[in-house]
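Chemist: 3D model of this:
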Amino acid sequence: MRSAMPDRESLPAGWQGEANPEVREAKDALHDCVAMLAACKSAGLVAMGPDSYDEGTVNRPEGDIEHEAAVFVLSFDSIQGAKKVMKGLAEGGRASGARQPVTIQAGAQDTEAHSTSNSGGYMTQATMRVGKVVIAVRGEELKDPSDIQPIAQTLVDRVKKASQG
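Modeler: Residues are numbered from 1 along each chain as shown. Next up, the predicted model:
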């Protein structure tokens, strides 16, 4: 799980994050995941890596609102557990207001993404599954729903690489 979480050097150009992202395991992970979705308790959660990234000033005009992405990487002991939690997260995203479907192509086995327009920007939520791992990304103040694509791609690539090693 630790190798699946990007450090600041491995984020897409312009995005910034923590030097050493935190990974929570066992009871700590379960406590935090249950706060997000009660299904984690019965789904076999093994570890959870929360993080947040911001786009700095590289890819946005001066004076523009800071673009942010909140990330949760959830690792389960079975594919069935991961599918169950992904379904719950995706349904929650669809039910939380006037959202439009968004296409995110990051190479995950399952992907659900929705976006909401807010004052000229977008809040975009993408939920992806790669094997036993669920990745939830929520981007805020983006200029276009596709602006979350580089973060989604980076996370999927890192989860795939970590699962091979």
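Chemist: Can you classify K160 by secondary structure?
Modeler: Following DSSP: H, G, I helix; E, B strand; the rest coil, K160 is assigned to helix.
Chemist: Please name the nearest non-neighbouring residue to it.
Modeler: Computed as CB to CB, 6 or more residues apart in numbering, the closest residue to K160 that is not its neighbour in sequence is V130, at 6.0 Å. C-betas here are computed from N, CA, C, even on glycine.
Chemist: Not counting the lowest-mean-pLDDT helix or strand in the chain itself, show me its contacts.
Modeler: None of the helices or strands of the chain scores lower by mean pLDDT, DSSP states H and E than helix 26-36, at a mean of 74. Contact with helix 26-36 is made by R24, C40, K41, L45, V46, A47, M48, P50, F72, L74, V85, L89, as judged by CB atoms under 8 Å, 6 or more residues apart in numbering.
Chemist: Arrange these in a markdown table, one row each, with distance to W15 and secondary structure as further columns.
Modeler: Output for the contacts of helix 26-36, formatted as a markdown table (distance: CB to CB, whole Å; DSSP: H, G, I helix; E, B strand; the rest coil):
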| residue | distance to W15 | secondary structure |
| --- | --- | --- |
| R24 | 22 | strand |
| C40 | 27 | helix |
| K41 | 32 | helix |
| L45 | 27 | strand |
| V46 | 27 | strand |
| A47 | 23 | strand |
| M48 | 21 | strand |
| P50 | 16 | strand |
| F72 | 17 | strand |
| L74 | 21 | strand |
| V85 | 25 | helix |
| L89 | 22 | helix |
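Chemist: and these, which are buried?
Modeler: By neighbour count, with 16 or more other CB atoms under 10 Å, those hold R24, C40, L45, V46, A47, M48, P50, F72, L74, V85, L89 as buried.
Chemist: Walk me through the regions of the protein where pLDDT falls short of the threshold, as ranges.
Modeler: Counting by pLDDT under 70, the ranges of the chain that qualify are 1-2, 8, 18-19, 34-38, 55-66, 92-98, 120, 165.
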